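> Need a 3D model of the following:
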Amino acid sequence: MREIKFRVWDPAEKQMCPVIVADFQDNQSKAFCRLPKSGAQEIFSADLMQYTGVKDKNGVEIYEGDIIRPQSGKYGTDFEIKWSPILC
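From the prediction side, this is the model:
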């Protein structure tokens, strides 16, 4: 069973931060994040990115919305990680 984790882009700090708590009310998403410098912070209208349960070759977690470039031969093509009801 894979770990359920989310992250969100914090526009004020210009960085990704792990989500501690997510709240969904009135079709709006709100996330509480833990930031290294300032502790917990609330982010409104957050676009949550869910962990896929997969890590890249360097051990970095891959989330929805990440851009990957599989290397096949000399040239690679960029792909965005998205959930698909057809493939999943």
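
> isn't Lys5 right next to Tyr51, touching?
Yes: counting by CB atoms under 8 Å, Lys5 touches Tyr51, with 4.1 Å between them. Where you see a C-beta, it was placed from the backbone N, CA and C, and this is true even at glycine.

> what touches both of these two?
Common contact partners of Lys5 and Tyr51 (CB atoms under 8 Å, 6 or more residues apart in numbering): Glu61.

> And these two? Which one has more around it.
Higher neighbour count among Lys5 and Tyr51: Tyr51, with 17 against 14, using other CB atoms under 10 Å.

> Bridged to that one, which residues?
Residues in a beta bridge with Tyr51, per DSSP bridges, are Tyr63.

> Average pLDDT for stretch 51-67, rounded please.
Model confidence over stretch 51-67, given as mean pLDDT, is 92.

> residues touching the residue sitting nearest the centre point of the chain, list them.
The centroid of the chain falls nearest to Met49 when counting by CA atoms, centre = their mean (3.1 Å). Met49 makes contacts with 6-9, 16, 63-66, as judged by CB under 8 Å, 6+ apart.
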